[in-house]
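# Model the following, please.
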Amino acid sequence: MVVIRVKPHSYLNVYLSGEQAHRILELGFPEPPTVARVVEYLKLPREEVLLITINKRKVSWETRVHPGDLVELYPTIGGG
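Numbers count the residues shown, from 1 in each chain. Sure thing, here's the model as predicted:
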């Protein structure tokens, strides 16, 4: 089992259930998933995700996520 951590930022949290929103999520996959697979699993609209990082480094949709990695998903428009 590959356990990864995922942090959706800003309004991407509206697509998550109440207990998942605004948290670092721990997810398990049978093999290292791609970033695209992680976003699909969370049911986030792909067109809403502008920037993806793994361990603070910018990555692409095809990048594989490995055990212990922190994936951060940033929306197309931020505010605050």
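# Show me how far the helix or strand encompassing residue 74 is from its chain's centre.
Under the criterion of DSSP states H and E, residue 74 resides in strand 70-75. Put simply, strand 70-75 sits 5 Å off its chain's centre (CA atoms, centre = their mean, to the nearest Å).
# what pairs with it, and is each one parallel or antiparallel?
strand 2-8 (parallel), strand 49-54 (antiparallel) (DSSP bridges).
# For the last one, what is the distance to the chain centroid?
Using CA atoms, centre = their mean, we find the averaged C-alpha position of strand 49-54 to lie 8 Å away from the chain's own average C-alpha position.
# pLDDT of that strand, averaged?
Strand 49-54 carries an average pLDDT of 97.
# Paired strands for the helix or strand just after it, with orientation please.
Using DSSP H and E, the helix or strand that follows strand 49-54 towards the C-terminus is strand 57-58. Using DSSP bridges, the strands paired with strand 57-58 are strand 49-54 (antiparallel).
# what sits up against the strand it pairs with?
12, 35, 39, 58-61, 63, 65, 69-76 (CB atoms under 8 Å, 6 or more residues apart in numbering). For glycine as for every other residue, the C-beta is placed from the backbone atoms N, C-alpha and C.
# Let's see that with 7 Å instead.
12, 35, 39, 58-59, 63, 65, 69-76 (CB atoms under 7 Å, 6 or more residues apart in numbering).
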